[in-house]
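> Compute the structure for the input listed below.
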Amino acid sequence: MRLVVAVTGASGVVYAVRLLKYLSGRSDIRTVLVVSRSGELVLKEEAGLSVSDLAGFADEHYDVDDMAAPIASGSNPVDGMAVVPCSTRTLSMVAYGHSGNLIARAAEVMLKERRRLVLVVREAPLTLAHIRAMEMVTLMGGVVLPASPAFYHRPRSIDDLVDFVVGRVLDVLGVRHDLYLRWRRREECLNNRSRASDKA
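Residues are numbered from 1 along each chain as shown. Below is the predicted model:
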């Protein structure tokens, strides 16, 4: 499987870092990284990382302005794409087909080729423009996945919350994983959490 991971200028780069680190340990998955200019700034501010640092966890890396990159064409085999985090600017570019950079163009390719696309939008509250853009992406076959973790599994750390969101992204992309506990009745969920702690 070959997946594109795009990072844009919204808060929440911790999700992208965790996603790439997890996938870098999978021999069955190759990752392609693209980071927007604003994404570079947020990456440094929130994670203390450079694009080069993050690219170390990917198999391929392209500049956001490289419109000749392979992923800009539908003839290039890619199984899915996650924009994580996804700024509302990038959301709008994807929704209205404005391919002004490689991230928006690669997302457009996913939609036109009927491949999996997930946008991890990190914004609150939402304007009507945001909601309509989400509707447009959904109608075209993309998945809007807000960075909204669940709490039924009784998270004990920020890492637990991050893993839940990253796990949901992987679910949409069709990647098997064990990053979070699946929903069960409360007693079963807590028992599974206790058993997992005993093994750690």
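> Counting residues, which helix of the chain comes out longest?
The longest helix of the chain (DSSP state H) is helix 158-173.
> neighbouring contacts of it?
With contacts defined as C-beta atoms under 8 Å, 6 or more residues apart in numbering, helix 158-173 is touched by 3, 14-15, 18-19, 22, 79-80, 82, 84, 116, 118, 120, 143, 145, 147-150, 153, 155, 176-177, 179-180. Quick note: C-beta positions are derived from backbone N, CA and C, even for glycine.
> all helices for the chain, in order.
With DSSP H as the criterion, the chain has helices at 13-24, 37-42, 51-55, 88-95, 102-112, 128-139, 158-173, 186-199.
> which of the ones you listed has the lowest average pLDDT?
Least confidently modelled of those is helix 186-199, at a mean of 57 by mean pLDDT.
> related to what we said a few turns ago, dump the helices of the chain to JSON lines, plus mean neighbour count.
Putting the helices of the chain into JSON lines (neighbours: other C-beta atoms under 10 Å) gives the following:
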{"stretch": "helix 13-24", "mean neighbour count": "22"}
{"stretch": "helix 37-42", "mean neighbour count": "18"}
{"stretch": "helix 51-55", "mean neighbour count": "16"}
{"stretch": "helix 88-95", "mean neighbour count": "23"}
{"stretch": "helix 102-112", "mean neighbour count": "23"}
{"stretch": "helix 128-139", "mean neighbour count": "15"}
{"stretch": "helix 158-173", "mean neighbour count": "20"}
{"stretch": "helix 186-199", "mean neighbour count": "11"}
